[in-house]
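Asks: my questions are about this predicted structure, shown below with the sequence.
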Amino acid sequence: MPAAEASEQSRGGASSVSFQGATKRYGDSSAPAVDHLDLEVEAGEICVLVGPSGCGKTTSMRMVNRMVELSEGDILIGDESVKKRDAAKQRREIGYVIQQVGLFPHRTIAQNIATVPQLLGWDKDRIRARTTELLDLVGLDPELADRYPVQLSGGQQQRVGVARALAVDPPVMLMDEPFGAIDPINRERLQNEFLRLQAEIRKTILFVTHDIDEAIKMGDRIAIMKQHGRVEQYATPAEILMSPANEFVEDFVGADRALKRLSLLRVGDIDLWRAPNARPGQSTAEVREQLAAPDVEVPYALLVDADERPQGWLTQRDLAGDTVPATADAPLGPLLETGDVMRDALADLLQGESMYAAVVDHDGRIVGILSVEIISEFLASSDAKIDERGAVERPLGPDRKSEIAADE
Amino acid sequence: MNNPLLAMPLAAVGQVEEGFFHERTSETLPCQAHPSHLFCWHWASENINRYGTPTLQQFELVIISVVVGFLIAFAFALLAHRYHLLQWPLLAGTGILFAIPSLAFFLLLLPITGRGRETAIIALSAYTLQIIYRNTVAGLANVPPDSKDAGRGMGMTDRQLLWRVELPLALPEIIAGLRIATVSTVAIASLMVFANVNTLGSPLYQQITFKTNILIAGGLMIVMALVFDSLLLLAQRLLAPWRRTSREVAT
C-alpha cells in the first residue's frame, strides 16, 4: 500500500475509549452482567477483551455503541460520553464487525460497504470512490463489488465486513469474535492481514474473543475478564505471559504459556548463532581453521553463494579437497526468515528433524543460525526479555505477505 | 333444466328472484344430443365471446381484492412485528376469517352490505388476510439475526432497518404468500356470481351440466391463475435478485 494512500486512510484518526464504572444490570437481578468496569483503551491500540463465556466481555463491548444500554457509569470516546447523543447517529461513527459478519444477503458487496455512507447521505460518486478504495484496502478484487455475499467465500465475506466497518473511517472499531467463524488456516491469514491493515489505519479497536492465542496475537493490550466483567489483569501480552497476576489468569493463559511466549517473538528478535561461511572455490584449510576455533558456535560450515545466499551444509567429505566445492553434500534443511514468528520457526526445526536452521533477511542473505538450543535457553531464562512492542508494530516477513496475497 | 346443485345456494340466499340466472338460455345446445362429447368445438367457436366480460371482471375483482387484502394484512403484519403482543390476536382474528367458508361468509355479509361488488371485495380480501399476514410475519421473523444486529449496530433506526433490511429480506416469503392468496382468490371469485358480479361463475352456473361450457370457464380460470402466479413469480425474481445467484466459487 503506497504511503499516500495509507495516510489517506488514517485521516479519521483514533480516539481513546474509557470505561468509567460501566455497569449493566438486566432487570432486577442482583448480579450485574458487567459490574463497574473501569478500563482505559489508548487511541490507536487493539484492546482484546478475553475470558470464559458469560464473563461479560461482549456486553462490555456492546455498551460502547449502546447496543446494550448502560445501567450505571459511563463510557467516554475521546472526551465525549456515549450517552450524550442519539444512539443510532453515534453508532454510525463506530465501526462494527460481528462474528457471523452479518452482511446483508440482499445487497451487493458494494452496497453492503456503502451502508453507513448511505445513512450519512454521501453522494453516489463519493460512495463509489470510497468503495473501490476500501476493496483495495482489504485486498479484494474490485470485480467482486457487484456480487452478492452468498457468492463469496467465508474469508472474503469477513474482509467485506471489515471494509464495511471502515467505510466512514471511524475512530473506534468494535470487533466481536470477527474471525470466529473462519476455518483455522484462513483465520491465521486474516489475522495477519488485519494486523498489517491496522498498522496502516491505526484505529482504536475493542476486540472480543474467547481464544487466548488470538488475544496474544492480536492484542496490544489484553483485558482478561472473569465473571461480571471483572478485569483480572490488563496488560500487554508479554506481561500476561511472563507474570500472570493471579491463579485465574495463569489457568486461563494455560500451562503452555512458556511456549506461547514464542508467538510474541520473531526470529530476528533474539541473538542468533554464527556458522563459518564458505564460498565455492575458497581454500578448505581456511574453513577448517574456523571450525577448529574454540569459540565456534556451530560446528558445521555453511556454503553460501556470491550473494551470501545459503546453499547447504558442508560435510567432512566436502572439505577433504583443497577448495570448497560448488555444491554441498548435506541439504540446507529448514530456511527461516528474520520476520518469522518464533513459534513457527520451532515447529519448522522440529519438523525438519534438524539441529540448525539458516536464517536469512528479506533479500535471502544469511544473517545467522537458529538452533533448538537457542530457543530452549531463551525459554529457560527467567528474565527473558520479550520485545514489548505492540503486535502491529512487529514487521511481517515477506513470506507472510505473499501468503496473504495468495489467499483465495 | 332443474339442477339440484343450483337450487341449493339459491335457496340458501333466501331471496331467490326470478331472473337471478335470467340469462340462462333455453336454446338447444348442438352437442347436447351427444352427451358423450367432451368438448364441442362448433359451439365453442360460436359462443366464445360470452366469456370475455366475465373474464375481465373476474380479473379485476381478483386484483382489487388481493390489493385490498394485502394492504390490510401488511399493515397488520407491521403492527405485529412492532408490537409482539399483537401477533397472536391478529393471527387468531385473521384465522377466524379464513376458517369461515367463503360462501357462508358471503351470505353473512349480504344483509349488511347487500349484493354487489363491494360485498364480493370484502369477502375475498378477508379471505386473503390470513395467508398474506402469516407469510409476512414469518418472513420478517426469518430475517437473519446477524443482519439485524449488523444493521442496528451500524446506526440504522428502526424504520431504516425495517425498510432497508427486514422487508427486502422478507420479500420472497411475502410474495410466496401473495401467490397462494391470489390463486385461491381466482377460484373463490367465481362464486361471486352470487353477489351479482359477472365473473366466470355466471357462464359456469348458467349451463352447469354442459361440459364444453365448464371446460371453457374452468380453463379460463386456470389460465388466469397461472398468469397471476407467473407475474408474481417474475416480480419476485426481479425484486429479489440475490435469491437467484447460485453459489459459484469466486476466484
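Replies: Everything's here; your move. Residues are numbered from 1 along each chain as shown, chains lettered A, B, ... in the order given.
Asks: hang on, residue A:141 packs against residue A:135?
Replies: Yes. Look at residue A:141 against residue A:135 with CB atoms under 8 Å: they come within range, at 7.3 Å. To be clear about C-beta, it is placed using only N, CA and C from the backbone, and glycine gets the same treatment.
Asks: the two: who's more crowded?
Replies: Neighbours per residue (other CB atoms under 10 Å in any protein chain shown) separate residue A:141 from residue A:135, with residue A:135 holding more: 21 against 13.
Asks: what comes up buried for whatever helix or strand that one lives in?
Replies: Using DSSP states H and E, residue A:135 sits in helix A:124-137. Neighbour-count burial for helix A:124-137 flags A:127, A:130-131, A:133-135, A:137 (criterion: 16 or more other CB atoms under 10 Å in any protein chain shown).
Asks: who are the packing partners of that helix?
Replies: Applying 3 or more CB pairs under 8 Å, 6 or more residues apart in numbering or on different chains; DSSP states H and E, we find helix A:124-137 packed against helix A:3-9, helix A:109-113, helix A:115-119, helix A:154-165, helix A:184-201.
Asks: all strands of the stretch 201-350 of chain A, in order?
Replies: Assigned by DSSP state E, counting those that start in this stretch, the stretch 201-350 of chain A shows strands spanning A:204-209, A:221-225, A:231-235, A:277-278, A:301-304, A:310-314, A:335-337.
Asks: ok, which of those comes nearest chain B?
Replies: Ranking the strands of the stretch 201-350 of chain A by proximity to chain B (CB to the nearest CB) places strand A:204-209 first, at 12.8 Å.
Asks: strand partners (parallel or antiparallel) of the closest one?
Replies: Strand A:204-209 sits in its sheet next to strand A:46-50 (parallel), strand A:172-176 (parallel), going by DSSP bridges.
Asks: so what's residue A:315 up against?
Replies: A:328-330 (CB atoms under 8 Å, 6 or more residues apart in numbering or on different chains).
Asks: again, only using 10 Å
Replies: Taking CB atoms under 10 Å, 6 or more residues apart in numbering or on different chains as the criterion, residue A:315 is in contact with A:300-301, A:328-330.
Asks: narrow these to those that are buried.
Replies: Those of those that meet the buried threshold are A:300-301, A:328, by 16+ other CB under 10 Å.
Asks: need the residues you listed in a markdown table (columns: pLDDT and distance to residue B:84).
Replies: Formatted as a markdown table, the buried ones among the contacts of residue A:315 follow (pLDDT from 0 to 100; distance: CB to CB, whole Å):
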| residue | pLDDT | distance to residue B:84 |
| --- | --- | --- |
| A:300 | 88 | 75 |
| A:301 | 89 | 78 |
| A:328 | 85 | 76 |
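Asks: strands of the stretch 1-150 of chain A, start to end?
Replies: A:17-24, A:34-41, A:46-50, A:72-77, A:80-81, A:94-97.
Asks: deepest-packed of those, please.
Replies: Mean neighbour count, computed with mean count of other CB atoms under 10 Å in any protein chain shown, is highest for strand A:94-97 among the strands of the stretch 1-150 of chain A, reaching a mean of 28.
Asks: any part of that strand near chain B?
Replies: Yes. Interface with chain B: strand A:94-97 contributes A:94-97 (CB under 10 Å from any CB of the partner chain).
Asks: so what's the residue count around residue B:141?
Replies: Counted with other CB under 10 Å, residue B:141 comes out at 13.
Asks: in terms of secondary structure, what does the one helix or strand residue B:168 maps to contact?
Replies: For residue B:168, the element it lies in under DSSP H and E is helix B:167-189. Here helix B:167-189 is seen to pack against helix B:52-82, helix B:102-113, helix B:117-141, helix B:145-153, helix B:211-239 when contacts are counted using 3 or more CB pairs under 10 Å, 6 or more residues apart in numbering or on different chains; DSSP states H and E.
Asks: lowest mean pLDDT across those helices, which one is that?
Replies: The minimum mean pLDDT among those belongs to helix B:102-113 (a mean of 75).
Asks: got the buried residues for that one?
Replies: Buried residues in helix B:102-113, counting neighbours by 16+ other CB under 10 Å, are found at B:102-103, B:105-107, B:109-110, B:113.
Asks: those residues: which ones sit near chain A?
Replies: Near chain A, judged by CB under 10 Å from any CB, there are no entries from the buried residues of helix B:102-113.
Asks: follow-up on the earlier one: dump the strands paired with strand A:204-209 to a markdown table, plus distance to residue B:75 and mean pLDDT.
Replies: As requested, the strands paired with strand A:204-209 are exported to a markdown table (distance: least, CB to CB, whole Å; pLDDT from 0 to 100):
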| stretch | distance to residue B:75 | mean pLDDT |
| --- | --- | --- |
| strand A:46-50 | 43 | 94 |
| strand A:172-176 | 35 | 93 |
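Asks: the helix holding residue A:135 to helix A:154-165, inter-axis angle?
Replies: Here the directions of helix A:124-137 and helix A:154-165 differ by 140 degrees (axes from the mean of the first three to the mean of the last three CA atoms, to 10 degrees).
Asks: hmm, who's touching helix A:124-137?
Replies: Here helix A:124-137 makes contact (CB under 10 Å, 6+ apart) with A:1, A:5-6, A:8-9, A:108-114, A:117-118, A:120-122, A:140-145, A:159-160, A:162-169, A:197, A:200-201.
Asks: now these: which count as buried?
Replies: A:9, A:108-114, A:117-118, A:122, A:140, A:144-145, A:159-160, A:162-169, A:197, A:200-201.
Asks: near chain B, which residues of the stretch 101-250 of chain A show up?
Replies: Counting by CB under 10 Å from any CB, the stretch 101-250 of chain A sits next to chain B at A:101-108, A:111-112, A:115-116, A:118-120, A:140-141, A:143-144, A:147-153, A:156-157, A:161, A:164-165, A:167-168, A:170, A:174, A:176, A:181.
Asks: domain map for chain A?
Replies: Listed by automatic domain parsing, the domain ranges of chain A are A:3-93+A:170-265, A:268-385.
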